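> pasting a predicted model and its sequence here:
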There are 2 protein chains.
Amino acid sequence: MSKSGKAKTSFQLKTPKGTKDWDGTDVSLRDQIFSTITEVFKRHGAITIDTPVFELKEILSGKYGEDSKLIYDLADQGGELCSLRYDLTVPFARYLAMNSIQSIKRYHIAKVYRRDQPAMSKGRLREFYQCDYDIAGVYDPMVPDAEVLRLTTEIFEALGWERRYTIKINHRKILDGIFEVCGVPEDKLRMISSAVDKLDKLPWEEVKKEMTEEKGLAPEVADEIGKYVKLKGGQDILTQLKNDSTLYSNEHLKNGVDSMQLLFDYLQVFGVMDSISFDLSLARGLDYYTGVIYEVITEESGAGGVGSIAAGGRYDELVGMFSGKSQIPCVGISFGLERIFSVIKARLNSGSAKSVQPKHVDVYVMAFGGKDFTGLLPERMRVAAELWDAGIKAEFSYKKKPRLPQQFKAAEGVPFGIILGDDELAAGKVRIKQLGLPEGHAEKDGVLVNKEDIVAEIKQRLETLEDKSLAAQLGAVKV
Amino acid sequence: MSKSGKAKTSFQLKTPKGTKDWDGTDVSLRDQIFSTITEVFKRHGAITIDTPVFELKEILSGKYGEDSKLIYDLADQGGELCSLRYDLTVPFARYLAMNSIQSIKRYHIAKVYRRDQPAMSKGRLREFYQCDYDIAGVYDPMVPDAEVLRLTTEIFEALGWERRYTIKINHRKILDGIFEVCGVPEDKLRMISSAVDKLDKLPWEEVKKEMTEEKGLAPEVADEIGKYVKLKGGQDILTQLKNDSTLYSNEHLKNGVDSMQLLFDYLQVFGVMDSISFDLSLARGLDYYTGVIYEVITEESGAGGVGSIAAGGRYDELVGMFSGKSQIPCVGISFGLERIFSVIKARLNSGSAKSVQPKHVDVYVMAFGGKDFTGLLPERMRVAAELWDAGIKAEFSYKKKPRLPQQFKAAEGVPFGIILGDDELAAGKVRIKQLGLPEGHAEKDGVLVNKEDIVAEIKQRLETLEDKSLAAQLGAVKV
């Protein structure tokens, strides 16, 4: 509209709304989180599969309720109509049905896509990573469910979070039972359920208002619900529900409570009850859950915070939606990488540890000389090639005649320098120098070694280096 | 149209055309290739960045010539217009311009998207992985270019391909010079260049026909071109071009030849000339190349085969298309994962090595007992949890009372079993059994160990296991 456009190009140079480039130390931290999560996934016997980033549009239809409006469609350019995946669960169910797989433990770490309102600093993006672990197959009740929750605690242990997270847990059948006993009409069940789910963000009075004024529930029914859904705790809440004869005579509720008791017994064996909060207000939005549901929160999850950092539950009927013949029960969990990342990053920033740029290579090959200095480029190349042949990470300046200070600057953060000079080379030697040593250190100026001993010397020195990895730092901060 | 539809669902249960799920041993082999390539990328000092799977549509516009019709667009659902990335090079250039980065070595392994005609068995898909390595920055001529080619040989060495590949190499300025000297009109340059590029698939007669009949080049000009573009070799071809005074007096050609001589000198130092074929018919389709260009082929690349398995070159003007102020010269290469994968897989299948299902876990925890057998589920859970705590991969049956044969079947391929029985547990012991030992082996029935020694015993036994990884097998087959 105005003539004052500053851009050289006719469009803004940016990534699409709600997306980002990953670079620098963020990538290192991200990969550290990925490998921590993957290690635990594999410890529990999972193998990975990888599905396409888009699916046939019909595969995603009718799976996400009113969130379906957030699905990204591909343009119709002739041929099949496709959409970007909205989560990893529906593609997993499609894969199971398509290949008639009866049982599998699989993990999948990949990006998913939602046309939501982004809030980048809180880890809410339109393109974001989910890390999913699911167990499919017909098994005895609650055994795989218990393992998924045990795995969840192992992941946060491995990330160094100790007690700084809570697994909120509930059961769809318990909720259904409560709603039935309280007198919620069947056609209002899902609506009331989603209102109840907001109790972690809104006070009861507002939730009640939504139930009665917006959704037309009788106020006395809402009050009755309120008595129950405000309950939070552990085994005590379960006992309370069992002792409430009106509630416990409801078949759904009895089913749910008995299942939950079995799950708690197993969680006790697995040593994870300490992290569990049985929370009757937890409802979860997605339609496809049929049994236990859970959500992991942390100190930073509250109002205005990152929200839940992992969530999941049992979905026994999703695979059957793709294949009438085989109904494969499933249970799983999805970890939100960006949210976990933003919590850890904030903790690192407020903590004592500085996240240093990880070193790119182990050795920087340099040269120096007097006024007849040729730059020794072929010699530097030959030494670098020898290091590469030995699998050692090495760099050298791409300048023919680099100045020594330039080379030292480029080598910042690199543990070792190999310095070539005409006199030393003539004597069959090179100088190996540990970089960044303090003044006065005995080896400040490095040591001369024979050319043929370079690889052996560097390998031996690399082994003695202190672990300065991000992993070591994360351990030190106890995020 | 007919009434005989077999599908339960109203649509076919499949992945979109030209896409696939990765699963089973294919994933293990793929990940093996990824880690081999990544290790070499890092050895050369590269860091990784990760860009969104889609870019603003304008970012991709005008970068791919007539291949632009193969770009996938996202549907216009309000907001920005976006397209799926077509390669990793243009997003990299966008990233450099957007962040005003002056120099970087980066690698990026990710999926790209092309609405091409798929040929799945040849590794030609619509969604496929590229593994890119690029060096951006102003350096002395041909030094980074030489390193990219050196890295290429290291990758195929690391994959065990030894001499079974060739790097075809040429220079855009040499081609331009030849075309100028032969008398190709300026407006036909790109057209004739793309005709020449087909010489690896078509005989000269057909390429000449395309030049003359389709593209209106004078037959004597075509013949003149033919004299040169059929040349293949190494240093000898370069010498031949230098000695051709008509050619060498052309400024473009002289520039190209001198650059190539410098590159060959460096490649000699790096010890990679053995893998190089200087091929004057190599032209590469993409518009953005400005200097040296290359393409890696292998025995399986020929007509009807997988085509080139890696390709790249120098592109000094792409970043400037995004940002008038900064012109960052770049050189790089892109490895096609699916093509490399299909070559290796075919070699593995025809070779002696069988690709075995990799073991998922290290230990399977079992139980057995007589007629009062409870299943010992909590006990199995407790042992599994202890193994997990020690970072050991372990599984157990999710059945309350599993039969012993079922458990052994589930443990197939797992190296160790831990077997719980009432009598042994009462004595504070469990049986550890190496699975799959032959009849008569001294330890066929396993050994009894104290419950508190389980982790130590398993750890010690795992260390002595033979390496049965795919990597070890790949090494053995020398694919």
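In hand now; what should we look at?
> in stretch A:389-409, what counts as buried?
A:392-399, A:402, A:407-408 (16 or more other C-beta atoms under 10 Å in any protein chain shown). Backbone N, C-alpha and C define where each C-beta goes, glycine included.
> name the element the nearest residue to residue A:331 once chain neighbours are set aside belongs to?
Excluding its sequence neighbours, the residue lying closest to residue A:331 (C-beta to C-beta, 6 or more residues apart in numbering or on different chains) is residue A:314, at 4.3 Å. For residue A:314, the element it lies in under DSSP states H and E is strand A:310-315.
> before we move on, what about residue A:342?
Residue A:342 is part of helix A:337-350 when elements are defined by DSSP H and E.
> related to what we said a few turns ago, neighbours of the residue nearest to residue A:331, just the number please.
Using other C-beta atoms under 10 Å in any protein chain shown, residue A:314 has 24 other residues around it.
> got it, and the one 4 residues further on?
If you count neighbours by other C-beta under 10 Å, residue A:318 ends up with 25.
> from residue A:89, how far out is the spatially most central residue of chain A?
In chain A, the residue lying closest to the centroid (C-alpha atoms, centre = their mean) is residue A:337, at 2.4 Å. According to C-beta to C-beta, to the nearest Å, residue A:337 stands 16 Å off from residue A:89.
> list the buried residues of stretch A:60-79.
Of the residues in stretch A:60-79, A:60, A:63-64, A:71-75 count as buried by neighbour count, 16+ other C-beta under 10 Å.
> pLDDT averaged over it - what is it?
For stretch A:60-79, mean pLDDT rounds to 91.
> got the CA coordinates for it in CSV?
Extracted in CSV, the C-alpha atoms of stretch A:60-79 (Å, rounded to 0.1, in the frame of the first residue of the first chain):
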residue,chain,number,x,y,z
LEU,A,60,-7.7,-38.5,8.4
SER,A,61,-11.4,-37.7,7.9
GLY,A,62,-13.7,-38.3,10.9
LYS,A,63,-10.9,-39.0,13.3
TYR,A,64,-10.3,-35.7,15.1
GLY,A,65,-13.8,-34.3,15.8
GLU,A,66,-14.0,-30.5,15.6
ASP,A,67,-10.2,-30.2,15.4
SER,A,68,-10.4,-31.5,11.8
LYS,A,69,-10.6,-27.9,10.7
LEU,A,70,-7.0,-27.6,11.7
ILE,A,71,-5.8,-30.2,9.1
TYR,A,72,-3.6,-28.9,6.3
ASP,A,73,-4.7,-30.0,2.8
LEU,A,74,-2.5,-30.3,-0.2
ALA,A,75,-3.7,-28.4,-3.3
ASP,A,76,-5.7,-30.4,-5.8
GLN,A,77,-3.1,-30.6,-8.6
GLY,A,78,-4.8,-33.7,-10.2
GLY,A,79,-4.6,-37.2,-8.8
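> and the contacts of it?
A:54, A:57, A:81-86, A:90, A:113-116, A:285-288, A:318, A:321, B:17, B:72-77, B:84, B:115 (C-beta atoms under 8 Å, 6 or more residues apart in numbering or on different chains).
> again, only this time at 7 Å
If you take C-beta atoms under 7 Å, 6 or more residues apart in numbering or on different chains as the criterion, stretch A:60-79 is touched by A:54, A:57, A:82-84, A:86, A:90, A:113-116, A:285-288, B:17, B:72-75, B:77, B:115.
> among those, which ones are buried?
Buried members of the contacts of stretch A:60-79, scored by 16+ other C-beta under 10 Å, are A:54, A:57, A:82-84, A:86, A:90, A:113-115, A:286-288, B:72-75, B:115.
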